[in-house]
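Student: Predicted model and sequence follow; I will ask about them next.
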Amino acid sequence: MPKITRVRCIRTRVTGTWVIVKVETDQPGLYGIGSAHDYNATGAVVAAVEEWMAPRLIGRDATQIEDIWQSTFTSGYWRSGPTLNTALGGIDIALWDIKGKEAGMPVYSLLGGPCRVAVPCYAHASGRTLQALEDDVRSYLEDGWQYVRCQLGAYGGGGFREGDAAGFPREPLAGQARAFDDETYVETVTGMFAYLRDKLGYGPKLTHDVHEHLRPNMAVSLAKRLEPFRLFFLEDVLPPEQLAYYRQIRQQTTTPQAVGELFTNVQEWLPLISERLIDFIRVRVSKAGGITQAQKIAHLCEWFGVQTAWQEGGNTDPVNQTAAMHLDLASWNFGIQEENGFRPEELEAFPGHPVLEKGYLYPNTSPGLGIDIDEAKAAKLLDPERAARPRYVAEDRRADGSVVRP
Ligand code: MG
């Protein structure tokens, strides 16, 4: 019975936003690693792990994952927030790593065994013009990718008006150079898919991420207007505050819906799944509270015809990606995996990381997660000055200066 002796966080990446939780035990060489990254509230997550959760875990049997999850989840009375879920998720993923190493099996074997040989992923293509976007999509298709997310730039791309066209009031908000406009966005994105299908045909599986920018009725309208272009899914067309509008979307269009990367509470995903209002659940594994909670979500989804598409993308780390990959391999109702775009020098700090090839992610057969952290290389990646800077999500605003919720 390995007892937990130490729980600590290792910050890495140049920004210090990757937080790797290391859980050490009294068995020689037996430890686990998990992901507790949070791009914006990084220090808060580190404090939650080290100052608040770690002390009550010292001396506990590291193999009692379910009980540690349940008792930690409620140990602060208030629960289900992004910071505490992420901290718990990092510890939980590390405990699964330990359990796998103790059993001599990869985590995907402990979760039921693999039901696919590799994990299909989708790439992120973008461009400020239709031609640039088409070129980027084609470059992925030529590299063997089958699934590609298509964006006209970053958050809200395609929905901004600039200069006189923005319709600013007499005294615009200081520094505001552009304005997000719902009608512009819906027109532009509809035209974008008309263009891409005309150029590329209907073979490539295409997705789009709205980043929750639209008013609810415009979200319903966009989902309807995109139906002829047969998306693989439309992502985050509504913010967490307006999920009830998915009932309207479901009644009016067959455009497949994917949502969940902002979810941290069971009451956010439960109605969408049990009422069959969505097609893909996109919770981030660490934000859900780790593998323990994510596997329960996957099993729930199976009975309602919902598939998994665990969120990854630009901010997450190789350990979180690996945790998602183990779930992908063992979940029959897996749908698609978002890719990350790690740099080679970043991956060098994570020996055993999954291998990405032509749009497929491949595991190794090592016990546990199969990924480790080289702490010396991880330390070299980090720039202390950049890590100390506060970070906030970019603020998009409408012409009158009001904030658009991301
Ligand atoms: Mg997204």
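Tutor: Here it is on my side, so go on.
Student: When you work out contacts or count neighbours from here on, use the C-alpha atoms and nothing else.
Tutor: OK.
Student: Would you mind listing the residues in contact with the residue located most distally from the centre of the chain?
Tutor: Here the chain reaches farthest from its C-alpha mean at residue 170, the gap being 40.2 Å by C-alpha atoms, centre = their mean. Residue 170 makes no contacts at all, as judged by C-alpha atoms under 8 Å, 6 or more residues apart in numbering.
Student: what about it, which SS state?
Tutor: Here residue 170 is recorded as coil under DSSP: H, G, I helix; E, B strand; the rest coil.
Student: backbone phi and psi for it, please?
Tutor: Dihedral pair for residue 170: phi -50, psi -50, per degrees, to the nearest 10.
Student: got it, and residue 370?
Tutor: Backbone torsions for residue 370, taken as degrees, to the nearest 10, come to phi 80, psi 0.
Student: for the chain, which helix is longest?
Tutor: If you go by DSSP state H, the chain has its longest helix at helix 82-103.
Student: List the buried residues for that helix?
Tutor: Residues of helix 82-103 classed as buried: 82-102 (neighbour count, 16 or more other C-alpha atoms under 10 Å).
Student: swap in stretch 150-162?
Tutor: For stretch 150-162, burial by neighbour count (16+ other C-alpha under 10 Å) applies to 150, 151, 152, 155, 156, 157, 158, 159, 160, 161.
Student: of those, closest to residue 369?
Tutor: For those, the closest approach to residue 369 (C-alpha to C-alpha) belongs to residue 150, at 31.2 Å.
Student: Direction included, what does the helix or strand containing that closest one pair up with?
Tutor: For residue 150, the host element (DSSP states H and E) is strand 147-151. Sheet pairing here is set by DSSP bridges, and for strand 147-151 it gives strand 119-126 (parallel), strand 205-209 (parallel).
Student: Alpha carbons of the first one, in PDB - could you do that?
Tutor: So that's strand 119-126. Presented in PDB, the C-alpha positions along strand 119-126 are these (Å, rounded to 0.1, in the frame of the first residue of the first chain):
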ATOM      1  CA  VAL A 119      -6.900   8.600 -31.400                       C
ATOM      2  CA  PRO A 120      -8.100  10.800 -34.300                       C
ATOM      3  CA  CYS A 121      -7.500  14.500 -33.600                       C
ATOM      4  CA  TYR A 122      -8.600  17.800 -35.200                       C
ATOM      5  CA  ALA A 123      -6.300  20.500 -36.300                       C
ATOM      6  CA  HIS A 124      -6.700  24.300 -35.900                       C
ATOM      7  CA  ALA A 125      -6.700  26.200 -39.200                       C
ATOM      8  CA  SER A 126      -7.100  29.900 -39.400                       C
END
